[in-house]
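**Student:** structure here, sequence nowhere to be found:
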């Protein structure tokens, strides 16, 4: 399948080569890949959707979304009279452009949201002017690449290309995103956490409670979800673990992402994988900042993972939340230690600790397992801020509630866009008895495998052995060269 993706990239190159600088191919290829897949999946029920649309209109029903999803048999639909195949034969560019726009306008609101955040409609005039729109559509319909669930057959009935199931399509799309990100890795690192770090975080969350997972429904959340990798990797890890223990679990994913294109990729990836409900629970785009505009104010989640932005100003959020003295948000101004207005507001130049406070506000209170959290921070979360300042107040609040299980120091140069020291914090509101009153600091800085070729600033990765070693050290909870146990009191209210 990897071959498939490479060929597929080069394949679209010929159409775009003269129109776009290489780094901009993604602006066309990613949305077109999504459109072609949705188009192929919707083909069998196209007529049913058109019939349903006509009867809903006739009956004067305005709220049509659920009925049209049902008619399509999917979490999305298209009510235009066209499929991509219908758009191939057009005499004039003018007509093709008009029909293609009508086709896009026919998609369901969730797909419109994806197209808007990809800003895909902005690409159409350029493609149309250069007479490339028709060629592009033909390329995506060619039998040489297959983005459909059904196989492409040769003339003699033998299989030319196998069909792609939803999982396979998810893999192709993620691989495509990864390749684009690696070509442009510095910038990509802001929205994309390397898989080795994500796998480790998922294990740190689930392994300690592997034997306690009951059959039932679990909610997962990431308040800075990027392209959604943390949520999907964690979901797979939980499903696997449950299956090994003979349990049946249903998982629901929730995420929020402020970067438009990244949000579009995340939502599209879930739709392509057939996870329509999860796609509905990803909220994002520039107006949806997790700090100023929480999408899930009343929800509590079982498991939360995040790699929030470090060193990124949240000044504009602060202003929207009422400015320095005016913040009333119950996530960030709380009651603690007898202070009814205990402020968790950090310096406006760095919001990373607020993402952690946001997660802590969403912990499950009434369940046996409570919540488990894994989040990545840089060193400033450990020591910035004097007593009484937001950062220090957050640490004190965490320690005094005995929520912090461990901090793992990762190898340097683990991430695409930063060479600095990074740390995984592991927290829970249900600490097991043997951990109570204590915090474990694990030095994993020397446990890594060098990469043959750097990916941006990333020059090493955690092999499966490295991940296992970190997890064993975490679970053993013993004092060793790489594992130090401290009492909460040792952290005091002084700088950590």
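**Tutor:** That came in fine, so what should we check first? All of these numbers come straight from a predicted model, not from anything done at the bench.
**Student:** hey, where'd the helices end up in the stretch 201-350 of the chain?
**Tutor:** For the stretch 201-350 of the chain, applying DSSP state H, counting those that start in this stretch gives helices covering 229-244, 260-272, 276-280, 315-320, 323-326.
**Student:** closest to residue 156 out of those?
**Tutor:** Closest to residue 156 of these is helix 260-272 (CB to CB; 31.1 Å). The way it works is simple: take the backbone N, C-alpha and C, and place the C-beta from them, glycine included.
**Student:** where does residue 179 fall, secondary structure wise?
**Tutor:** Taking DSSP states H and E as the definition, residue 179 sits inside helix 166-183.
**Student:** which helices and strands does that helix pack with?
**Tutor:** helix 2-16, helix 26-42, helix 185-188, helix 260-272 (3 or more CB pairs under 8 Å, 6 or more residues apart in numbering; DSSP states H and E).
**Student:** just the residues contacting the last one, thanks.
**Tutor:** This points to helix 260-272. 30-31, 34, 37-38, 75-76, 110-111, 113-115, 117-119, 166, 169-170, 173-174, 177, 191, 225-228, 232, 253, 255, 257, 276, 278-279, 282, 284-286, 288 (CB atoms under 8 Å, 6 or more residues apart in numbering).
**Student:** would you show me how to pick out the buried ones of these in ChimeraX?
**Tutor:** Here is the ChimeraX command that selects the buried residues among the contacts of helix 260-272 (16 or more other CB atoms under 10 Å):
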select :30,31,34,37,38,75,76,110,111,113,114,115,117,118,169,170,173,174,177,191,225,226,227,228,232,253,255,257,278,279,282,284,285,288
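**Student:** the helices of the stretch 201-350 of the chain: lowest mean pLDDT?
**Tutor:** Per-stretch mean pLDDT for the helices of the stretch 201-350 of the chain is lowest at helix 323-326 (a mean of 85).
**Student:** give me the longest strand you can find in the protein.
**Tutor:** Using DSSP state E to define each element, the chain has its longest strand at strand 249-257.
**Student:** so what strands line up beside that one?
**Tutor:** Applying DSSP bridges, strand 249-257 is found paired with strand 216-222 (parallel), strand 282-284 (parallel).
**Student:** would you mind measuring from the residue of the chain positioned farthest from its centre to residue 377?
**Tutor:** In the chain, the residue that sits farthest from the middle, by CA atoms, centre = their mean, is residue 156; the gap is 43.0 Å. Relative to residue 377, residue 156 is positioned 59 Å away (CB to CB, to the nearest Å).
**Student:** before we move on, what about residue 173?
**Tutor:** 30 Å.
**Student:** quick one on the thing from earlier: just the pLDDT at the residue farthest from the centre of the chain, thanks.
**Tutor:** Note on residue 156: pLDDT of 77.
**Student:** phi, psi of the residue nearest to the spatial centre of the chain?
**Tutor:** Nearest to the mean C-alpha position of the chain, counting by CA atoms, centre = their mean, stands residue 228 at 1.4 Å. Note on residue 228: its backbone torsions stand at phi 90, psi 0 [degrees, to the nearest 10].
**Student:** which residue packs closest to it, ignoring adjacent ones?
**Tutor:** residue 266 (3.8 Å; CB to CB, 6 or more residues apart in numbering).
**Student:** doesn't residue 61 fall inside a strand?
**Tutor:** No. Assigned with DSSP: H, G, I helix; E, B strand; the rest coil, residue 61 falls outside any strand and is coil.
**Student:** number of nearby residues for it?
**Tutor:** Applying other CB atoms under 10 Å, we find 10 residues neighbouring residue 61.
**Student:** excluding chain neighbours, give the residue nearest to it in space.
**Tutor:** residue 67 (7.6 Å).
**Student:** buried sites along whichever strand or helix holds that neighbour?
**Tutor:** Per DSSP H and E: residue 67 is located in helix 65-72. Under the neighbour-count criterion of 16+ other CB under 10 Å, helix 65-72 has 67-69, 71-72 buried.
**Student:** tell me the first helix or strand C-terminal of that helix.
**Tutor:** Where DSSP H and E defines the elements, the next helix or strand beyond helix 65-72 is helix 93-105.
**Student:** quick one, what contacts the residue nearest to residue 80 when sequence neighbours are not counted?
**Tutor:** Among residues not flanking residue 80 along the chain, residue 106 sits closest, at 2.7 Å (CB to CB, 6+ apart). Taking CB under 8 Å, 6+ apart, we find residue 106 in contact with 78-82.
**Student:** how about a cut-off of 6 Å?
**Tutor:** By CB atoms under 6 Å, 6 or more residues apart in numbering, residue 106 lies in contact with 78-80.
**Student:** kindly report the same for residue 199.
**Tutor:** By CB under 6 Å, 6+ apart, the contact list for residue 199 reads residue 467.
**Student:** ok, it to residue 101 distance?
**Tutor:** From residue 199 across to residue 101, the span is 42 Å (CB to CB).
**Student:** neighbours around the closest residue to residue 318 other than its chain neighbours, how many?
**Tutor:** Counting by CB to CB, 6+ apart, residue 318 lies nearest to residue 348, which is 5.2 Å off, once chain neighbours are set aside. By the criterion of other CB under 10 Å, residue 348 has 15 neighbours.
**Student:** i'd like the first residue to be 664 from this point on
**Tutor:** OK, 664 is where the count begins now, so the last one is residue 1011.
**Student:** residue 1011 contacts residue 975, correct?
**Tutor:** No. Assessed by CB atoms under 6 Å, residue 1011 is found out of contact with residue 975, at 10.5 Å.
**Student:** what stretches of this structure score poorly on pLDDT?
**Tutor:** Scanning the chain with the threshold set as pLDDT under 70 gives 664-686, 754, 847-855, 1046-1051, 1079-1081, 1155-1159.
**Student:** residue 780 and residue 977, how far apart?
**Tutor:** 21 Å.
**Student:** distance of the residue nearest to residue 724 relative to residue 755?
**Tutor:** Using CB to CB, we find residue 730 at a distance of 36 Å from residue 755.
**Student:** same question, residue 870
**Tutor:** 61 Å.
**Student:** neighbour count winner among the two?
**Tutor:** The neighbour comparison of residue 870 against residue 755 (other CB under 10 Å) goes to residue 870, with 15 against 8.
**Student:** neighbours of the residue nearest to residue 891, how many?
**Tutor:** Residue 929, neighbours per other CB under 10 Å, totals 31.
**Student:** residue 761 now?
**Tutor:** Count around residue 761 with other CB under 10 Å applied: 13.
**Student:** again, but for residue 799
**Tutor:** Neighbour count of residue 799, defined by other CB under 10 Å: 20.
**Student:** ends of stretch 1002-1017, how far apart?
**Tutor:** 19 Å (CA to CA, to the nearest Å).
**Student:** how about residues contacting it?
**Tutor:** Stretch 1002-1017 is contacted from outside by 954, 971, 973-974, 976-978, 981, 995-997, 999, 1020, 1040, 1044, 1053-1054, 1056-1057, using CB under 6 Å, 6+ apart.
**Student:** filter the residues you listed down to the buried ones.
**Tutor:** Buried members of the contacts of stretch 1002-1017, counted by 16+ other CB under 10 Å: 954, 971, 973, 977, 981, 995, 997, 1020, 1040, 1044, 1053-1054, 1056-1057.
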